[in-house]
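*Asks:* For reference, the sequence and a predicted model appear below.
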Amino acid sequence: MELGYDSSLSREEQIRLKMSHRWQRGAVNSGNGRASQLISYLVYAFFIVGSVYVILFTDLVEKLLAVFGLVTK
């Protein structure tokens, strides 16, 4: 066999064995996935809070609307 699996296994058993090894590798790396997921959530939260701040507490939106002629000052 090209992958070094026992050739006495049926094709179906070989596929199950390959899938099992891939899933085990994924379980080992899941700790890294959680850290990157946490970072992603923090970036999203920062973006949302920043957007809300700009919309509610600055006059940037009014200036943009005035530039496009949608609001008069």
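*Replies:* Cool, got the structure.
*Asks:* use CA for all of it now, contacts and neighbours both
*Replies:* Will do.
*Asks:* and the longest helix anywhere in the chain, average pLDDT?
*Replies:* For the chain, the longest helix by residue count, based on DSSP state H, is helix 30-57. The pLDDT scores in helix 30-57 average 90.
*Asks:* Which other helices and strands does that helix contact?
*Replies:* helix 60-67 (3 or more CA pairs under 8 Å, 6 or more residues apart in numbering; DSSP states H and E).
*Asks:* Taking helix 30-57 as reference, get the angle to the helix it packs on.
*Replies:* In terms of direction (axes from the mean of the first three to the mean of the last three CA atoms, to 10 degrees), helix 60-67 departs from helix 30-57 by 60 degrees.
*Asks:* So for Ile15, what's the pLDDT?
*Replies:* Value for Ile15, per-residue pLDDT: 89.
*Asks:* Now for it: which residues touch it?
*Replies:* If you count contacts by CA atoms under 8 Å, 6 or more residues apart in numbering, Ile15 has none.
*Asks:* three-state assignment of it?
*Replies:* helix (DSSP: H, G, I helix; E, B strand; the rest coil).
*Asks:* Give me the distance from stretch 18-27 to the chain's centre.
*Replies:* 21 Å (CA atoms, centre = their mean, to the nearest Å).
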